[in-house]
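Undergrad: Provided below for reference: sequence and predicted model.
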Amino acid sequence: MQFVPAPQPVIRIEGIYQLKNTGNQPLTSLELRLAGRRRFHFSDPAAQWDKTALTFAASPDNPRNVVLNFPQPWTVSAKHTLRLTVEYQRPSSNETALSFTPDAFFLPAQGWSPELLPARGIFATGGVPPKVWDLIVRVPGNFLVHTSGQTSKQPEKNSGKAGERTIHVKQSFQDGYPFIVAGHYVAGTLLAGPETVNLWTRSPQDPETLRQPSEALARAIQAYNSTFGVRPKDSHQLWIVECPDLVGCFTSTASNFSRLTSGENEKPSAEMASQDTAMVDLTGGAPEIAAAAPSLASSWLGYGQNPGFFEQTPPLYALPAFAASRGREAVEGSQVRPQIIRRLLRAIPANSAARQPEADDVVRAKSILFFYGLQDRYGQQVFSAALTHMLEARTGRGFDLDDLIAAFEQEAHQNVAQFVRLWMKHPGVPQDFRVRYENSAASLTPDTAKESIP
């Protein structure tokens, strides 16, 4: 990655992949997921297969993906080099894509770097990142840089009239999605429990004014760690970084899931760039870290953890949304839980026809509530142990509903499949669950709810 600051700043990305067909049959194409044009403004990407230029075709199976068709079949055990290049630019005034300035930018975890997807098929494998790879970052010499991975011991290089820095970083799938935050910032630190919070701001700030959001960020991290397992290579270092450009700093459109779980007219003032970094708006005072929870949640579940994470089906496709609600609860307090549940219940008709397909929003709301139902039925201790067990057991291989059921049955020593069928094979939600929360006090917790289940 190279950041070119002037006259119009651009971010140049070049990915070089050394690939081998480790399967048992030749391949005629490769499926990719590139950056979305609603999130990034970029020139047309280019691809080379060895020295042959390839064209991008739309995937017939998923409109968000593209397909590269090879000039000759990719035979078993054959090795090839794939080179992908793209240039990210500042969006025009009528666009809502991520923006940056000549002296600061960030590339958030997930979305900016191409993802090579597994071949489709019952026994297909692939799509998992290698154990180790190199990330090379080239930025102006006066920039602070924070990125995923481990900075190489080889000395940085300065080159060019502008004093460009070249930083070599060793990455692994345990580092999660790659990200980069860099710019001309003023640095400070403060302590938030066991975490050291690094504060990067555009102008000098009193660190104490950011103590509250720093402690909130630490609580959200701890909630995810307790639910999904501790972050790999947990360093107890967090970053709160002021946005380079507020116009294109935060995700401009709410996801279908966040629409269902968030309050009306909620305006974000913070968003996670990675598992340990929050981009914030300081123009209105202390940022609201709770609103950043959705963008943080998926970091525990995707990339090397589960290569098919973003193409899950109900109810597992709602796991990041449930995780985001857990983060919000950790930040704002236990009263958030029944509030979110009641909001989701309002999206689901109380009386649904048995043979009629449910609307998409109903299935989304029901899928999130399914995890709350699991939490109530088996208690928080079993719930966290089962999710952690599933994620650890299926690292790099993906997971599905059968894996979830197996993990819960191992931890609960009960028939969980029957509970899953009750939720997912019938319209609406179980009546006892609806009654419990429509009539509940705000202090209802997973363990007190469990006690009320016969």
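TA: Here it is on my side, so go on.

Undergrad: tell me the mean pLDDT over stretch 340-348?
TA: Mean pLDDT, stretch 340-348: 94.

Undergrad: how about it: buried residues?
TA: Across stretch 340-348, burial judged by 16 or more other Cβ atoms under 10 Å covers Ile340, Ile341, Leu344, Leu345, Ala347, Ile348. Where C-beta positions appear, they are placed from N, C-alpha and C, glycine not excepted.

Undergrad: state the number of residues packed around Ser29.
TA: 14 (other Cβ atoms under 10 Å).

Undergrad: might one say that Leu190 is in contact with Arg211?
TA: Yes. Leu190 lies in contact with Arg211 (Cβ atoms under 8 Å); the separation is 6.2 Å.

Undergrad: which is the next helix or strand following the helix or strand of the chain with the lowest mean pLDDT?
TA: The weakest-scoring helix or strand in the chain, judged by mean pLDDT, DSSP states H and E, is helix 293-297 (a mean of 54). As assigned by DSSP states H and E, the chain's next helix or strand after helix 293-297 is helix 319-332.

Undergrad: and the strands in the stretch 201-350 of the chain, which stretches?
TA: 237-242, 270-274, 277-280 (DSSP state E, counting those that start in this stretch).

Undergrad: got it, and the stretch 351-454 of the chain?
TA: Using DSSP E, counting those that start in this stretch, no strands are found in the stretch 351-454 of the chain.

Undergrad: and if you look at the stretch 1-150 of the chain?
TA: Under DSSP E, counting those that start in this stretch, the stretch 1-150 of the chain gives strands at 2-4, 10-20, 27-33, 41-42, 46-49, 52-54, 56-58, 65-74, 79-89, 104-107, 115-116, 133-139, 144-147, 150-151.

Undergrad: just name the most buried of the ones you listed.
TA: When these are scored by mean count of other Cβ atoms under 10 Å, the highest mean neighbour count falls to strand 104-107 (a mean of 25).

Undergrad: can you lay out the strands of the stretch 1-150 of the chain as CSV showing mean pLDDT and distance to Phe179?
TA: What follows is these, written out as CSV (pLDDT from 0 to 100; distance: least, Cβ to Cβ, whole Å):
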stretch, mean pLDDT, distance to Phe179
strand 2-4, 96, 14
strand 10-20, 95, 13
strand 27-33, 93, 16
strand 41-42, 92, 17
strand 46-49, 98, 23
strand 52-54, 97, 27
strand 56-58, 94, 24
strand 65-74, 96, 22
strand 79-89, 96, 14
strand 104-107, 96, 6
strand 115-116, 86, 14
strand 133-139, 95, 10
strand 144-147, 96, 6
strand 150-151, 88, 14
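
Undergrad: and of these, who's closest to Pro357?
TA: Across the strands of the stretch 1-150 of the chain, Pro357 has its closest neighbour in strand 65-74 (25.4 Å, Cβ to Cβ).

Undergrad: pairing partners for the closest one, with directions?
TA: strand 27-33 (antiparallel), strand 56-58 (antiparallel) (DSSP bridges).

Undergrad: can you redo the ones you listed as JSON lines with distance to Asp44?
TA: Shown next, in JSON lines, are those (distance: least, Cβ to Cβ, whole Å):
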{"stretch": "strand 27-33", "distance to Asp44": "14"}
{"stretch": "strand 56-58", "distance to Asp44": "8"}
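
Undergrad: now for those strands, which one comes closest to His80?
TA: Going by Cβ to Cβ, the one of those nearest His80 is strand 27-33, 9.6 Å.

Undergrad: turn the buried residues of stretch 340-348 into CSV, including distance to Ser148.
TA: Compiled in CSV, the buried residues of stretch 340-348 are given as follows (distance: Cβ to Cβ, whole Å):
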residue, distance to Ser148
Ile340, 30
Ile341, 34
Leu344, 33
Leu345, 38
Ala347, 36
Ile348, 38
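
Undergrad: ok but His168 is inside a helix, no?
TA: No. The assignment for His168 is strand, going by DSSP: H, G, I helix; E, B strand; the rest coil, so no helix is present there.

Undergrad: what bits of this structure have low per-residue confidence?
TA: Along the chain, the parts satisfying pLDDT under 70 run over 122-127, 153-162, 231-234, 251-255, 263-267, 290-311, 396, 440-454.
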